[in-house]
Every structure is written in structure tokens, then in C-alpha cells.
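*Asks:* Here is a sequence together with a model predicted from it:
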Amino acid sequence: MIKQIFTLTTIFLLTFSWLPFMTAQASPANLLISEIQVGVYSERSEFVELYNPNDTPLSVQNLRIEYLTSTFTGDLTTQTRLLGTLNGTVAAHGTFLLRNDSYAAPPAAVRDADIIFGLPSNNPTTGFLAASGGYVRLVNDTVPSNPQLVDCVRWGGTDSSTLPGCQRSPLLQLLDTNSFQRPFVNGSYQAANGIVLAGMTPRTILNTIIQPDPVATCQGISISEIVPNPAGEDTGHEFIELHNETSSSVDLTGCILRVGTSQQILSGTIDPGYRAFYGLTLPNSAGGQVSFVTPTTTISVMYPVDMADDEAYALVNGDWRQGLVPSPNTANSMPTAAEEEVVAAVDRDLTDCGPGKYRNSDTNRCRNIEVESSLTPCSAGQERNTETKRCRNTASTTAVFRL
């Protein structure tokens, strides 16, 4: 009897343990998200490639693939947008491709997709996969009441959190010809290989042969000055200054300046000393945060709200100081007594406003002085305020009390 129970148990386990994947292997690896293009070439030029890392075909029955926003906090039963429900099998070391219905960019291999998402009836005008950040997640729904995470990839976003079980790309923004990819390292794809940025290779197994461990770049570079409210026109004149503290040029390739959800991918080199970078919009009235992002580190600086016209927030002798004169591409310094006297002299030398006018101490603008004889008499029951010259209702001196 014990032997019969053992035999039945063994049959049950062998029959049902791998129902989610149903392959000829005893313990197949999961299907992997191997490449993502989030529509940088055009808003709907989006595709997702899946890869079977096994030596035998892999069933994809009951698998769903979905997009989540970068701020998603739900569980495995919800998603932002469903990209598709998979069926059939994927060949050994083969790929399964999904693309947006409106995909029109190269390469042509993308158009021969297994599943098309974003049909006209439910395609948002800005595409399905936000270039600024989000997740693509693969979920097994074999047991609807107990969905299982198969694979998950995240890119972009402004926060440092990542959903459990998801890998995050160290880089935030794509170029027209690039995509987020899981690299082929040491002869095989593995989830632990991480996510890298490389040229698009849909339907090609060897996405890239790059060791995924992030390389420390942009070493010795720091943020040294922020000017969100330059003199005159702001657009194109706001700047962030970086300081190369080393004695040699530093390659900036792969490093990013970020303000909120906007970012500027850097390239070229920065020589020893200071260099101002223009092009990002820096909010002024609410202040903001500037970040310098490298593959291994992120340096962030918060700057104050409502900075004055042509005022710099700069690092001087190890301390961040407000109220300095902008000094792009040069070292920052505190104003000398002579420079402060020049500013004070400018205030003293303001042109006289002329007869019948006065200068507002807050705005330095000339205003007309109200003349008593030109004022219209107040109505009955009103009196004129001696300071503002405005008519106000006379306050009642009668009070009613209830017991």
C-alpha cells in the first residue's frame, strides 16, 4: 500500500510540476525578455523580443506580457496595459516578437512579429511603452488565482525603487537605433546578466556580447554650479556646470544630466576644470533637483526656490552658496568687497522718478503719488485711509451680545 501511494504521488508530481512550461526538459529555464524598444524613433515604433534559453522548445501557453508605468505599485493581477497573451511554443534558442501595430521604423525584421499590440481601437496616441520609464513584465496565468512572475525589466523613471523580481537598466534614455537588451555573455543568456544599451537586433539571438557589469566612468566629475534664472531670456541660457577635478580629460560617454524627468545624454570629453552644459529646462519658482548619473553612481543637488534674475547657486570651497554671480566655465568664488560695493552703487545711482512719483522699494519701479485734491469724495458711511487713500466703510461701534 505504501509503495502504491508513493507511485501515485510520483506520477502526480511529474505530471503537474511543470505545466506552466510543458517542455521536453525536466527543468526548463523560463522565457526571457531579451530586447525592448520603447519608441524613440517614433512614438509607436515599439517592440518586445522574448527568448527561449533552452535546448528544447518551450511552451508559452497562459503567459501574458504587459507594460507597467514607472510608478506602478500593484500586484501580479493588474497592469497598466496588456500587450498580449501568448500561445504556442518558442523554438529552442528561438525568439518570440511583439510589436506595435503602427510600427514603421527599421529594422524590417520587426514587422514579422508573432503578436501585434496597439490596434487602432485601443492604441494611445503616444504609444504603449513610455520612453521616460516603465516596466515590461511577463506573467504566468496557468493558475489564475495564483499568477507567477516569469521575467521583468525596468528602464528610466525618476525614483530608485524597482518592483520585486525586476531588473533595471542602468541607462535611462535610448537613441533612435538603440534598444534595451539582456546581453549574451559567456555563451548564454541569463536573467542575471543585467540590462544594457545596444544597437537593435530583433530576431537575432546574439543581441550583444558585452560584459554587463557596469564600468565606472566619469570619475572625478561633480556638479559645481546651477543657474535656473539667467538674465534675459531663460530658454537656452540656463546651465549646469560640471567640474573635472582630475588632471586629465575625462570621457563623458554614457553619463547623463537629469532634471526631473528630462535628461541630456553626454558625449565627448571634459578637460580639467569647469564646463557649462546648456539645453535643459531648470524650474525656478519651485526650485528643483539636478542629477549627474553615471553607470555606477548618481550625484544629486537640490537648488533653492525663486532664485533671483542672473543668480547662481554654486559650490565654493566645499559649500553650496546662493546669490553668486554666474561664472560658466570658470571657478566659482565669493564676491569681493569691491564687487559688492559696485552692486550697492548701482542701487544708489537709480535715476530719480521725477515730480509726482516715487520708487517702490521692492520692485525699484516708479509709481504715481496719489494727490489728495484729485481724489473722489468718499460716499456716506465711508472714510479715507490716510496711507492708502482708499475709501473704506466706517466701522460700527455697536455690538450685540446674546446671553
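*Replies:* Good, I have the coordinates. All values derive from a computational prediction rather than experimental measurement.
*Asks:* Please point out which parts of stretch 255-271 sit buried.
*Replies:* Within stretch 255-271, the residues scored as buried using 16 or more other Cβ atoms under 10 Å are C255, I256, L257, R258, V259, Q263, Q264, I265, L266, I270. All C-beta spots, glycine's among them, are computed from the backbone N, C-alpha and C.
*Asks:* My error: substitute stretch 292-311 in the last question.
*Replies:* Result for stretch 292-311 [16+ other Cβ under 10 Å]: buried residues F292, V293, T294, P295, V301, Y303, M307, E311.
*Asks:* Check the separation of the first and last residues in that stretch.
*Replies:* 21 Å (Cα to Cα, to the nearest Å).
*Asks:* With stretch 304-320 instead?
*Replies:* 11 Å.
*Asks:* what's the answer for stretch 32-50, then?
*Replies:* End to end - Cα to Cα - stretch 32-50 spans 5 Å.
*Asks:* now do stretch 291-301
*Replies:* End to end - Cα to Cα - stretch 291-301 spans 6 Å.
*Asks:* Would you map the strands across the stretch 301-403 of the chain?
*Replies:* Here the stretch 301-403 of the chain has its strands, by DSSP state E, counting those that start in this stretch, at 312-316, 319-324, 357-359, 366-368, 382-384, 391-393.
*Asks:* Need the winner for burial among those.
*Replies:* strand 312-316 (a mean of 22; mean count of other Cβ atoms under 10 Å).
*Asks:* List the neighbouring strands of it plus their orientation.
*Replies:* strand 221-227 (antiparallel), strand 319-324 (antiparallel) (DSSP bridges).
*Asks:* Nearest to G94, out of the ones you listed?
*Replies:* strand 221-227 (43.1 Å; Cβ to Cβ).
*Asks:* returning to what we had before: now the strands paired with strand 312-316 in CSV, please, with extra columns for distance to N332.
*Replies:* Output for these, formatted as CSV (distance: least, Cβ to Cβ, whole Å):
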stretch, distance to N332
strand 221-227, 6
strand 319-324, 6
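*Asks:* closest to F117 out of these?
*Replies:* Nearest of these (Cβ to Cβ): strand 221-227, 40.3 Å.
*Asks:* coming back round to it: just curious, which of the buried residues of stretch 255-271 is nearest to G356?
*Replies:* Once Cβ to Cβ is applied, the member of the buried residues of stretch 255-271 that ends up nearest G356 is V259, at 46.8 Å.
*Asks:* Kindly tell me how buried the residue nearest to that closest one when sequence neighbours are not counted is, as a neighbour count.
*Replies:* Among residues not flanking V259 along the chain, L280 sits closest, at 4.9 Å (Cβ to Cβ, 6 or more residues apart in numbering). Residues contacting L280 under the criterion other Cβ atoms under 10 Å number 17.
*Asks:* circling back to that earlier point, name the nearest of the buried residues of stretch 255-271 relative to N385.
*Replies:* V259 (46.5 Å).
*Asks:* how about the strands of the stretch 51-200 of the chain, start to end?
*Replies:* So, for the stretch 51-200 of the chain - with DSSP E, counting those that start in this stretch - the strands run 58-59, 63-69, 81-85, 89-90, 95-100, 115-117, 133-140, 148-156, 167-168, 178-181, 184-185, 188-189, 196-199.
*Asks:* in stretch 77-90, what counts as buried?
*Replies:* Q79, T80, R81, L83, G84, L86, T89, V90.
*Asks:* For the fifth one, list each beta-bridge partner.
*Replies:* Here G84 sits in beta bridges with I65, as judged by DSSP bridges.
*Asks:* That one contacts G118, correct?
*Replies:* No - at 9.9 Å, G84 and G118 do not qualify as touching, with contact defined as Cβ atoms under 8 Å.
*Asks:* and the residue nearest to V259, what does it touch?
*Replies:* With contacts defined as Cβ atoms under 8 Å, 6 or more residues apart in numbering, L280 is in contact with E238, I240, L257, V259, S262, Q263, Q264.
*Asks:* can you redo these as TSV with pLDDT?
*Replies:* Below are the contacts of L280 laid out as TSV (pLDDT from 0 to 100):
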residue	pLDDT
E238	95
I240	97
L257	93
V259	91
S262	86
Q263	88
Q264	91
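*Asks:* so which pair among the residues you listed is furthest apart in space?
*Replies:* Every pair of the contacts of L280 checked by Cβ to Cβ; the farthest is E238 and Q263, at 14.5 Å.
*Asks:* gap between V153 and G356?
*Replies:* 71 Å (Cβ to Cβ, to the nearest Å).
*Asks:* out of these two, which sits in the busier spot?
*Replies:* Between V153 and G356, counting by other Cβ under 10 Å, V153 is the more crowded of the two (26 against 10).
*Asks:* so that one makes contact with G134?
*Replies:* No - the criterion here is Cβ under 8 Å, and V153 misses it with G134 at 9.5 Å.
*Asks:* still on that earlier bit, tell me the two of the buried residues of stretch 292-311 that are most distant?
*Replies:* Counting by Cβ to Cβ, the most remote pair of the buried residues of stretch 292-311 is P295 and E311, 33.2 Å apart.
*Asks:* Find the least confident helix or strand in the protein, judged by mean pLDDT.
*Replies:* Least confident element among the helices and strands of the chain, by mean pLDDT, DSSP states H and E: helix 2-16 (a mean of 40).
*Asks:* Show me what the helix or strand following that helix is packed up against.
*Replies:* Scanning forward in sequence from helix 2-16 by DSSP states H and E, the next helix or strand is strand 32-38. Counting contacts by 3 or more Cβ pairs under 8 Å, 6 or more residues apart in numbering; DSSP states H and E, strand 32-38 is packed against strand 46-51, strand 133-140, strand 148-156, strand 178-181.
*Asks:* Give the buried residues for strand 32-38.
*Replies:* L32, I33, S34, E35, I36, Q37, V38.
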